[in-house]
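**Q** Show me the folded form of this:
(one chain, ligands or ions: 1)
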Amino acid sequence: MAEAMIEFQSVTKQYQGGQAAVDDLSMSIDKGSITVFVGPSGCGKTTSLRMINRMVEPTKGTITVDGKDVTSVPAAELRRSMGYVMQSSGLMPHRSVLDNIATVPRLNGVSKADARKRAEELLDVVGLASGLGKRYPSQLSGGQQQRVGVARALAADPPVLLMDEPFSAVDPVVRDELQRELLRLQRDLAKTIVFVTHDIDEATVLGDKVAVFAVGGKLAQYATPEEILRAPANEFVASFVGRDRGFRHLGFSAADGVTIRPVPKVTRGGNADGGTDVDARGNAGGWRLVVDAESRPLGWEGPGSGSDLIPGGSLFRPGDTLRRALDSALSSPSGLGVAVDGDGRVAGVIEAAEVLAVIESARRVRQDAL
Ligand SMILES: Nc1ncnc2c1ncn2[C@@H]1O[C@H](COP(=O)(O)OP(=O)(O)OP(=O)(O)O)[C@@H](O)[C@H]1O
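**A** Alright, predicted model coming up:
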């Protein structure tokens, strides 16, 4: 069993005059994992997060971090010992990016030169060019500011990172990038990360475990993303998770069982005269996959389209999930998903009907196991 890093024991927070913002919360957060608090607005996610570093004090109950009651550590010291990233990057506008990142190490007594050196390294860690270090926060894009926010939170190398909707103010493309970066960082750093979001997709992408909160500050379910999508604990979780949860659940199942079949291919650009080589294996209903000289996919030629190139769909790569397998087939003009190997060369094609058969047999195996 994983080791606990943060524990909530019967924690309640009642703001003056209101109902409970967090109601009798007990949960254990694993060391070195990403735990996501998700739920509708006002359900107590931020309050729960802030009680970990004593920005908010509980009305009842105990929180321990690494076995130590948080109230045994002075609040300011505790706060500095954990990284904190919020929605607006919270950077100091009149200080350079490097100085912003160096803030906590400086407060901890690290020399100016060492703190700056560390800040420069961190710019690279979060994927920012070193030239940006001299700029002021307002001279950066929203996504860049959030990266600086992450760098600043990592500066003192804290074991715990608290992140409150850190990516919700940036556009979806940047948000996707930031999520991928966080997962990449976490593979190297293995911090204990608690991440608040109201977006269930973000929660299932990032979380090793997801805690779904319901209005009134009650923990409705605490499980892996896969379990939450496959078996929501109650009506509230099912409706919060959304209508296409069955489809999204496929994103957690490996597509190992799906057969990759041969496909008729046409090579373009490989011959000196620009002519074509037809590899006539397989029956693809008159469709032929067009590849370059290195066998990388370029698109399709349809039964009646002559040699006009029709753009292909998404590609299926080794290790991809059933969701990607199905998407590759459904997004392909020929109805055949193109599978490539690790070098991007065509390995063959997959059929939607076969992906569905694999999904169905996996479902039967699961049901038999119940
Ligand atoms: N300082 C405060 N004083 C009084 N009530 C508060 C205070 N902070 C939060 N609340 C109330 O506590 C409840 C939980 O708020 P909290 O911010 O923890 O929810 P949340 O799930 O993070 O919501 P959101 O997604 O909208 O940020 C809400 O009803 C909120 O109005």
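**Q** immediately after the lowest-mean-pLDDT helix or strand in the chain, which helix or strand?
**A** Among the secondary structure pieces of the chain, namely its helices and strands, strand 278-279 has the lowest mean (mean pLDDT, DSSP states H and E), a mean of 54. Once strand 278-279 ends, the next helix or strand along the chain (criterion: DSSP states H and E) is strand 288-291.
**Q** and that following strand, average pLDDT?
**A** Model confidence over strand 288-291, given as mean pLDDT, is 92.
**Q** nearest spatial neighbour of the residue in the stretch 251-370 of the chain that the ligand sits nearest to, skipping sequence neighbours?
**A** Closest approach between the stretch 251-370 of the chain and the ligand, counting by Cβ to the nearest ligand atom: residue 251, at 24.3 Å. For glycine as for every other residue, the C-beta is placed from the backbone atoms N, C-alpha and C. Closest residue in space to residue 251, ignoring its immediate chain neighbours: residue 323 at 4.2 Å, by Cβ to Cβ, 6 or more residues apart in numbering.
**Q** element containing the one you found, please.
**A** Assignment of secondary structure by DSSP H and E places residue 323 within helix 322-330.
**Q** Tabulate the CA atom coordinates of that helix in PDB.
**A** Taking Å, rounded to 0.1, in the frame of the first residue of the first chain, the C-alpha atoms of helix 322-330 are listed here in PDB:
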ATOM      1  CA  LEU A 322      -8.800   1.700 -26.900                       C
ATOM      2  CA  ARG A 323     -10.200   5.300 -27.000                       C
ATOM      3  CA  ARG A 324      -7.400   6.200 -29.400                       C
ATOM      4  CA  ALA A 325      -7.800   3.000 -31.400                       C
ATOM      5  CA  LEU A 326     -11.500   3.800 -31.900                       C
ATOM      6  CA  ASP A 327     -10.800   7.400 -32.700                       C
ATOM      7  CA  SER A 328      -8.300   6.500 -35.300                       C
ATOM      8  CA  ALA A 329     -10.800   4.300 -37.100                       C
ATOM      9  CA  LEU A 330     -13.800   6.700 -36.700                       C
END
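**Q** could you say what helices and strands it packs with?
**A** Helices and strands touching helix 322-330, by 3 or more Cβ pairs under 8 Å, 6 or more residues apart in numbering; DSSP states H and E, are strand 315-316, strand 336-340, strand 346-351, helix 352-369.
**Q** Mind listing what's buried along that helix?
**A** By 16 or more other Cβ atoms under 10 Å, the buried positions in helix 322-330 come out as 322, 323, 324, 325, 326, 327, 328, 329.
**Q** Could you export the residues you listed as a markdown table, including distance to the ligand?
**A** Listed next are these as a markdown table, based on distance: Cβ to the nearest ligand atom, whole Å:
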| residue | distance to the ligand |
| --- | --- |
| 322 | 32 |
| 323 | 27 |
| 324 | 31 |
| 325 | 35 |
| 326 | 32 |
| 327 | 30 |
| 328 | 35 |
| 329 | 37 |
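**Q** need those residues in TSV with pLDDT, can you?
**A** Listed next are those as TSV, based on pLDDT from 0 to 100:
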residue	pLDDT
322	89
323	88
324	90
325	93
326	92
327	91
328	94
329	93
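**Q** Smallest gap between the stretch 101-250 of the chain and the ligand, at which residue?
**A** For the stretch 101-250 of the chain, the residue positioned closest to the ligand under Cβ to the nearest ligand atom is residue 198, at a distance of 4.9 Å.
**Q** quick revisit: and the helices and strands packed on helix 322-330, which is most packed in?
**A** Of all these, strand 336-340 has the most neighbours on average by mean count of other Cβ atoms under 10 Å, namely a mean of 25.
**Q** Could you check how far that strand is from the centre of its chain?
**A** 25 Å (Cα atoms, centre = their mean, to the nearest Å).
**Q** Taking helix 322-330 as reference, get the angle to that strand.
**A** Taking axes from the mean of the first three to the mean of the last three Cα atoms, to 10 degrees, one finds that strand 336-340 is oriented at 120 degrees with respect to helix 322-330.
**Q** Just name whatever secondary elements strand 336-340 is in contact with.
**A** Counting by 3+ Cβ pairs under 8 Å, 6+ apart, the elements that strand 336-340 packs against turn out to be strand 315-316, helix 322-330, strand 346-351.
**Q** So which of those is nearest residue 90?
**A** helix 322-330 (35.3 Å; Cβ to Cβ).
**Q** Could you list the residues in contact with the closest one?
**A** Applying Cβ atoms under 8 Å, 6 or more residues apart in numbering, the set of residues contacting helix 322-330 from outside is 247-248, 250-251, 253-255, 258, 313-317, 335-339, 350-352, 355-356, 358-359, 362.
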